[in-house]
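Enquirer: Next input, structure requested:
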Amino acid sequence: MALIVQKYGGSSVPTTERIRRVAERVVRAHDEGHDVVVVVSAMGDTTDELLALARNVDTAPCPRELDTLLSVGEQVSSTLTAMAIHALGASACSCSGRQAGVITTPAHGGARIVDVRPRLVREALDRGMIPVVTGFQGVCGENDDEITTLGRGGSDTTAVALAAALKADVCEICTDVDGVLTADPKIVPEARPIDHLTYEAMRELAAAGARVLALSSAEYAERYAVPLRVRSSYDEHPGTAVVSDEPRRPPSYGSPARVVALAHDPSRTKITLSGVVGRAGATAGMMYALAKAGSGIGTAEIRAVPAGDGRYGALTLVLPVTDAPAALAALRTCRRGIGYDGLSIEDEVGTASLVGSGFRSHAGTFLLLRKTLDEMGVPFEPVTASDTRISVLCRASLLPDAVRALHKAFVGLEPAQPLWQTRSDQAVAVVRMR
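Expert: This next block holds a predicted model:
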């Protein structure tokens with residue numbers, strides 16, 4: 001039978017009743033003959049509540065102490081889940097990040113996994129037990145004695161990293177929706193589940209704001225070819241399989257562009273540096289300053305905007321709102337080295353993204369996007385344009401309308417129906433959306 005790693009997020013274990021339901025699901029898989037490893041997040045909003053407690057006593061908590069505090073949430077849920085499994089007659093043991101051998105970098109609050117040494121987890125499996133591992137956390141230091149946390153979505157990464165280290169047959173990310181959907185169902189009620197996604201598409205969706213899977217876990221799964229399945233913890237829907245390539249994928253040359261899904265992120269900040277584009281090394285200087293400060297360069301999108309009057313243009317930086325304070329501080333500190341004239345900030349903006357394939361060779365994709373948003377009266381500016389993702393920036397208050405309109409235009413039609421056709425002297429580009 002199979003070795004399965006199952007991860008349950010906070011929305012799947014918000015109460016003890018839901019923990020019992022999760023335990024029943026785990027024991028059922030174990031009784032079918034599978035080896036099962038469980039990874040759990042903190043219950044419901046526990047992490048937010050612990051963070052609020054910390055800020056009640058210190059507005060800028062010590063990162064080390066904060067990590068130690070926040071790690072408690074997963075320890076509570078893992079032990080309760082192990083108890084619930086015991087109550088059903090199966091044998092289980094809770095494991096902390098240290099006991100599971102999750103080794104990380106020393107960056108408190110945003111550590112990255114560098115190694116997994118799951119000796120105790122393997123021993124528990126060999127004894128017929130169900131290990132229940134705390135997500136979101138690991139250890140660092142010479143003696144692996146410093147607790148670190150992995151940031152939001154860290155439990156996803158814990159599960160994928162464990163699956164890779166254990167060479168699991170599948171890693172199931174169990175959440176509160178029926179897999180990866182074509183859009184956020186809270187905004188687009190008619191969004192539908194996707195049967196299969198490539199690692200690349202999943203990574204692009206995560207980077208664009210889809211919260212069903214953390215970006216770091218999507219990257220880890222792709223790097224180590226971990227078979228993923230995103231599914232609901234509330235029913236038996238098969239969910240979405242994330243694989244190395246799409247089944248029956250057509251040849252890329254001459255094939256239509258396809259939109260697989262939409263993602264959006266309502267919490268972005270736009271920072272504009274004026275008077276930099278024509279200055280040698282300005283972009284590199286900005287990226288170096290952000291990377292040195294650890295201020296979200298991995299999730300930032302940078303665009304050069306030349307000026308129309310022949311003078312130096314601007315560099316636009318779009319990044320998560322949580323990374324903005326550190327980024328601003330870094331940019332202001334390194335103003336002389338970067339060489340910009342002015343700095344402006346725009347909050348309350350968000351991004352809407354199309355994710356799929358073939359966008360670069362089919363201009364019709366962007367033309368239809370522009371037509372759709374113009375008809376909705378949504379002003380926007382391009383942020384990212386690649387073969388697999390197109391992202392635009394608009395006011396956060398207009399984002400739901402933009403997402404609904406784009407979903408209707410790109411995903412709401414039958415797969416074979418052409419949406420846009422453009423002719424040039426050299427080729428005919430037909431865009432069909434799935």
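Enquirer: Could you pull out the strands in the stretch 151-300 of the chain for me?
Expert: Under the criterion DSSP state E, counting those that start in this stretch, the stretch 151-300 of the chain contains strands at 170-175, 196-198, 228-232, 240-243, 258-274.
Enquirer: could those be laid out in CSV, adding mean pLDDT and distance to R395?
Expert: Using the backbone N, CA and C atoms, a C-beta is placed for each residue, glycine as well. As requested, the strands of the stretch 151-300 of the chain are exported to CSV (pLDDT from 0 to 100; distance: least, CB to CB, whole Å):
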stretch, mean pLDDT, distance to R395
strand 170-175, 96, 29
strand 196-198, 94, 29
strand 228-232, 96, 30
strand 240-243, 93, 31
strand 258-274, 93, 10
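Enquirer: Deepest-packed of the ones you listed, please.
Expert: Ranked by mean neighbour count, the strands of the stretch 151-300 of the chain are led by strand 170-175 with a mean of 24 (mean count of other CB atoms under 10 Å).
Enquirer: That one to strand 228-232, inter-axis angle?
Expert: With axes from the mean of the first three to the mean of the last three CA atoms, to 10 degrees applied, the angle from strand 170-175 to strand 228-232 works out at 30 degrees.
Enquirer: which helix is the longest one in the chain?
Expert: Scanning the chain for the longest helix, with DSSP state H as the assignment, gives helix 63-87.
Enquirer: Determine the set of other helices and strands touching that one.
Expert: helix 16-31, strand 35-40, helix 46-57, strand 92-95, strand 130-134, strand 137-140, strand 146-149 (3 or more CB pairs under 8 Å, 6 or more residues apart in numbering; DSSP states H and E).
Enquirer: Pairing partners for the second one, with directions?
Expert: Strand 35-40 has the following sheet partners, assigned by DSSP bridges: strand 3-8 (parallel), strand 130-134 (parallel).
Enquirer: pLDDT averaged over that strand, what's the number?
Expert: For strand 35-40, mean pLDDT rounds to 98.
Enquirer: mind saving the C-alpha coords of that strand as CSV?
Expert: Written as CSV, here are the backbone C-alpha positions of strand 35-40 (Å, rounded to 0.1, in the frame of the first residue of the first chain):
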residue,chain,number,x,y,z
ASP,A,35,1.1,4.3,6.2
VAL,A,36,0.0,7.8,7.1
VAL,A,37,1.9,10.8,8.4
VAL,A,38,-0.2,13.8,9.5
VAL,A,39,0.9,17.4,9.5
VAL,A,40,-1.3,19.9,11.3
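Enquirer: and the direction of that strand versus that of helix 63-87, what angle?
Expert: Going by the same axes, to 10 degrees, strand 35-40 makes 140 degrees with helix 63-87.
Enquirer: and for strand 35-40, what are the contacting residues?
Expert: Around strand 35-40, the neighbours that count as contacts under CB atoms under 8 Å, 6 or more residues apart in numbering are 1-8, 13, 22, 26, 29-30, 74, 77-78, 81, 92, 121, 125, 130-135, 155, 158-159, 162-163, 166, 168.
Enquirer: re the thing from before, mean neighbour count, the strands paired with strand 35-40: which tops it?
Expert: strand 130-134 (a mean of 28).
Enquirer: got the angle for that strand vs helix 16-31?
Expert: Going by the same axes, to 10 degrees, strand 130-134 makes 140 degrees with helix 16-31.
Enquirer: next one: strand 130-134 to chain centre, how far?
Expert: The gap between where strand 130-134 is centred and where its chain is centred comes out at 23 Å by CA atoms, centre = their mean, to the nearest Å.
Enquirer: Ok, stretch 185-197 next?
Expert: 16 Å.
Enquirer: Give the buried residues for that stretch.
Expert: For stretch 185-197, a neighbour-count test (16 or more other CB atoms under 10 Å) marks I187, V188, A191, P193, I194, H196, L197 as buried.
Enquirer: Of all pairs in those residues, which one spans the longest distance?
Expert: I187 and H196 (23.3 Å; CB to CB).
Enquirer: out of the buried residues of stretch 185-197, who's nearest L228?
Expert: L197 (8.7 Å).
Enquirer: okay, stretch 402-413 in CSV with CA atoms only?
Expert: What follows is stretch 402-413, C-alpha atoms only, in CSV (Å, rounded to 0.1, in the frame of the first residue of the first chain):
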residue,chain,number,x,y,z
ALA,A,402,-12.2,42.7,-12.1
VAL,A,403,-11.8,39.0,-11.1
ARG,A,404,-15.5,38.2,-11.8
ALA,A,405,-15.3,39.8,-15.3
LEU,A,406,-12.1,38.1,-16.2
HIS,A,407,-13.3,34.7,-15.0
LYS,A,408,-16.4,35.1,-17.1
ALA,A,409,-14.4,36.1,-20.2
PHE,A,410,-11.6,33.6,-19.9
VAL,A,411,-12.9,30.6,-18.0
GLY,A,412,-16.7,30.8,-18.3
LEU,A,413,-17.0,29.5,-21.9
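Enquirer: picking up where we left off before, buried stuff in the longest helix of the chain?
Expert: 66-85.
Enquirer: tell me the contacts of Q99?
Expert: Counted by CB under 8 Å, 6+ apart, Q99 has contacts L120.
Enquirer: what do you get for R389?
Expert: E204, A207, A208, S353, L354, V355, F359.
Enquirer: which helices and strands does the helix or strand hosting V383 pack with?
Expert: Using DSSP states H and E, the element containing V383 is strand 381-385. For strand 381-385, the packing partners by 3+ CB pairs under 8 Å, 6+ apart come out as strand 301-305, strand 389-395.
Enquirer: Swap in 6 Å and give it another go.
Expert: Helices and strands touching strand 381-385, by 3 or more CB pairs under 6 Å, 6 or more residues apart in numbering; DSSP states H and E, are strand 389-395.
Enquirer: That concludes my questions; thank you for your assistance.
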